[in-house]
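In: What would the 3D arrangement of this be:
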Amino acid sequence: MAHTIINSPNAPAPIGPYSQATMANGILYASGQIALGPQSGNLINDSIENETHQVMKNLQAILEEAGMDFSNVLKCTIFVKDLNNFGRINETYGSYFTSNPPARETVEVSRLPKDVNVEISCIAAK
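Out: Presented below is the predicted three-dimensional model:
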């Protein structure tokens with residue numbers, strides 16, 4: 001199956017051997033994003049809300065590079081280091097979906113890349 005690699009200059013470069021996203025048959029598979037500033041490469045982690053906003057902005061840049069937006073998102077996976085932050089993460093995350101939010105799971109994990117507090121991936125379709 002042929003697929004296309006999607007890389008946006010407005011999202012942080014991958015920190016390992018993976019692409020920001022791949023697209024096959026009109027379906028976009030976006031890699032998990034953390035709160036790295038796309039130009040600076042610095043972590044945005046002064047608050048869980050700001051960290052979540054940066055993660056969502058990174059996903060938005062990838063979606064836009066693929067000609068999509070959050071209305072195209074079918075499913076998200078949220079990884080959190082501390083489920084006690086879920087309410088604050090959920091409120092920030094929810095502000096990006098104005099109607100018909102996607103399917104989702106949220107999982108607490110012991111550790112995430114660069115010791116961030118939240119990582120989010122998504123699947124979207126045209």
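In: How many neighbouring residues does the nearest residue to Ser19 once chain neighbours are set aside have?
Out: Of all residues not flanking Ser19 in the chain, Ile5 sits nearest, at 4.7 Å (CB to CB, 6 or more residues apart in numbering). C-betas here are computed from N, CA, C, even on glycine. Ile5 has 9 neighbouring residues, counting by other CB atoms under 10 Å.
In: The one 3 residues further on now?
Out: Residue neighbour count, defined by other CB under 10 Å, stands at 19 for Ser8.
In: Three-state assignment for it, please.
Out: At Ser8 the chain is in coil, as set by DSSP: H, G, I helix; E, B strand; the rest coil.
In: The residue nearest to Ser19 and Pro14 touch, don't they?
Out: No - contact status for Ile5 versus Pro14: not in contact, 10.5 Å apart, counting by CB atoms under 8 Å.
In: Touching both of these two, which residues are there?
Out: Here Ile5 and Pro14 share no contacting residue, scored by CB atoms under 8 Å, 6 or more residues apart in numbering.
In: on that earlier part again, tell me which helix or strand comes right after the helix or strand hosting the residue nearest to Ser19.
Out: If you go by DSSP states H and E, Ile5 is part of strand 4-6. As assigned by DSSP H and E, the chain's next helix or strand after strand 4-6 is strand 21-24.
In: Show me what that following strand is in contact with.
Out: For strand 21-24, contacts defined as CB under 8 Å, 6+ apart pick out 1-7, 28-31, 62, 65-66.
In: hmm, back to that, what's the residue nearest to Ser19 in contact with, if anything?
Out: So Ile5 contacts 19, 21-22 (CB under 8 Å, 6+ apart).
In: Just the buried positions in the helix ranked longest in the chain, please.
Out: The single longest helix within the chain, with elements called by DSSP state H, is helix 48-65. Buried positions in helix 48-65, judged by neighbour count with 16 or more other CB atoms under 10 Å: 48, 51-63, 65.
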